[in-house]
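Peer 1: Build the 3D model from these lines:
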Amino acid sequence: MSLKQIWQIAEGHPNEPDTLYCGVEPAALFKSTDAGETWSLDRGLFDHPHRTQWMPGGGGLCLHTILPDPSNPDRMFVAISTGGVYRTDDAGKNWQPRNKGIRAKFLPPDQQYPEWGQCVHKVVNHPSNPNRMFLQHHWGVYRSDDAGDSWNDIGNGLPSDFGFAMEMNPHDANTVYIIPIESDEFRCTPEAKLRVYRTKNAGDSWDPLTEGLPQEDALETILRDNLKADANDPTGLYFGTRSGKLFGSKNGGDSWTMITEGLPAITCVKTAKIG
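Peer 2: Numbering: from 1, shown residues only. All right, here's what the predicted structure looks like:
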């Protein structure tokens with residue numbers, strides 16, 4: 001095998017300042033303990049018996065999400081398209097699929113809840129409650145309260161449960177943001193309205209955030225790494241589109257401003273605190 005591209009770079013646990021993780025295509029995880037000078041392959045995941053049955057999604061066979069558990073240095077989650085969510089509890093020696101309850105709508109009716117093979121688009125968790133996780137699937141929005149052992153559908157009230165981007169409020173483990181996309185066949189915002197949806201009660205209900213965002217002729221696509229919060233209080237939020245527009249909010253999404261347009265297609269948005 002040869003490296004096709006890098007999808008994700010993530011910091012290690014808080015007590016490991018020089019540790020970095022790198023998720024790549026074809027799906028594999030690399031680790032560095034010297035701030036990126038050298039890397040080693042996680043053989044536990046690379047040699048997993050499921051590997052031969054992982055199939056590329058629309059973006060390829062990519063390991064796109066890496067989530068170290070801040071409360072447990074031996075625990076980490078990764079998400080693979082289309083392998084699903086995997087968790088290690090022994091620092092990468094062994095990995096278990098954690099996809100119970102996630103419906104793979106694209107499979108035959110009697111096979112739609114497999115142990116692995118789901119096309120997961122994004123997974124997030126919160127430092128204050130890392131056992132609670134949220135997941136945007138190819139079709140479906142889910143929550144887990146047991147570190148991925150089981151998942152429950154929380155997509156009611158959304159114009160579509162298809163999408164890519166997902167982010168949490170860094171100050172509140174119950175507040176999550178997503179940007180729905182109409183479908184896998186028409187990957188633009190539903191009804192040509194650019195809306196960020198927010199839940200403040202862990203997915204029991206969702207509210208559209210539209211102030212400052214175009215609500216007509218806004219056929220936009222927002223990819224999986226294009227929605228990011230900052231550490232300010234109130235929370236700042238930023239997202240980019242494939243048409244090269246960058247939007248921002250200084251008040252947790254209550255209102256938005258277009259920061260700039262005319263950029264190349266935006267594929268990743270990050271925030272940093274300088275000072």
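Peer 1: could you dump stretch 164-183 to CSV, C-alpha only?
Peer 2: Taking Å, rounded to 0.1, in the frame of the first residue of the first chain, the C-alpha atoms of stretch 164-183 are listed here in CSV:
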residue,chain,number,x,y,z
PHE,A,164,-21.1,16.2,6.7
ALA,A,165,-20.1,18.9,9.2
MET,A,166,-20.7,18.7,12.9
GLU,A,167,-19.3,20.7,15.8
MET,A,168,-19.9,21.0,19.6
ASN,A,169,-20.0,24.1,21.8
PRO,A,170,-16.7,23.9,23.8
HIS,A,171,-18.6,25.3,26.9
ASP,A,172,-21.6,23.0,26.8
ALA,A,173,-21.7,19.2,26.2
ASN,A,174,-25.4,19.4,25.2
THR,A,175,-25.0,22.0,22.4
VAL,A,176,-24.2,20.7,18.9
TYR,A,177,-24.3,22.2,15.5
ILE,A,178,-24.8,20.6,12.1
ILE,A,179,-25.4,21.9,8.5
PRO,A,180,-27.8,19.6,6.7
ILE,A,181,-27.3,18.6,3.1
GLU,A,182,-30.4,17.6,1.0
SER,A,183,-29.3,14.1,0.0
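Peer 1: what separates it from the chain centre, distance-wise?
Peer 2: With Cα atoms, centre = their mean, to the nearest Å as the basis, stretch 164-183 stands 9 Å off its chain's centre.
Peer 1: Kindly report the same for stretch 28-42.
Peer 2: When C-alpha coordinates are averaged (Cα atoms, centre = their mean), stretch 28-42 and its chain have centres 21 Å apart.
Peer 1: repeat for stretch 229-245
Peer 2: Mean C-alpha position of stretch 229-245 versus that of the full chain (Cα atoms, centre = their mean) differs by 15 Å.
Peer 1: now swap in stretch 176-185 and tell me
Peer 2: 12 Å.
Peer 1: Over to stretch 54-62?
Peer 2: With Cα atoms, centre = their mean, you get 15 Å for stretch 54-62.
Peer 1: Ends of that stretch, what's the gap?
Peer 2: In stretch 54-62, first residue to last residue: 10 Å (Cα to Cα, to the nearest Å).
Peer 1: And that stretch, what's buried?
Peer 2: 54, 57, 59, 61-62 (16 or more other Cβ atoms under 10 Å). Glycine gets a C-beta too; all of them are placed from N, C-alpha and C.
Peer 1: How about residues contacting that stretch?
Peer 2: Residues from elsewhere that reach stretch 54-62 (Cβ atoms under 8 Å, 6 or more residues apart in numbering): 4-5, 7, 23-27, 80-83, 116-117, 119, 138, 184.
Peer 1: Which among those count as buried?
Peer 2: For the contacts of stretch 54-62, a neighbour count by 16+ other Cβ under 10 Å gives the buried set as 7, 23-27, 80-83, 116-117, 119, 138.
Peer 1: Quickly list what residue 96 is bridged to.
Peer 2: Assessed by DSSP bridges, residue 96 has beta-bridge partners residue 87.
Peer 1: So it versus residue 50, what's the distance?
Peer 2: Separation of residue 96 from residue 50 (Cβ to Cβ, to the nearest Å) stands at 10 Å.
Peer 1: One more: residue 138?
Peer 2: 18 Å.
Peer 1: and if you look at residue 22?
Peer 2: Note on residue 22: its distance to residue 50, by Cβ to Cβ, is 20 Å.
Peer 1: quick one, which of these two is more surrounded?
Peer 2: Per other Cβ atoms under 10 Å, whichever of residue 22 and residue 50 has more neighbours is residue 22, with 21 against 16.
Peer 1: doesn't that one fall inside a helix?
Peer 2: No: looking at residue 22 with DSSP: H, G, I helix; E, B strand; the rest coil, it is strand, so not inside a helix.
Peer 1: Would you check that it makes contact with residue 3?
Peer 2: No: Residue 22 lies out of contact with residue 3 (Cβ atoms under 8 Å); the separation is 9.8 Å.
Peer 1: can you pull the contacts of the most centrally placed residue in the chain?
Peer 2: By Cα atoms, centre = their mean, the mean C-alpha position of the chain lies nearest to residue 122, the distance being 2.3 Å. By Cβ under 8 Å, 6+ apart, the contact list for residue 122 reads 64-65, 79, 135-136, 164-166, 224.
Peer 1: Perfect, that will be all.
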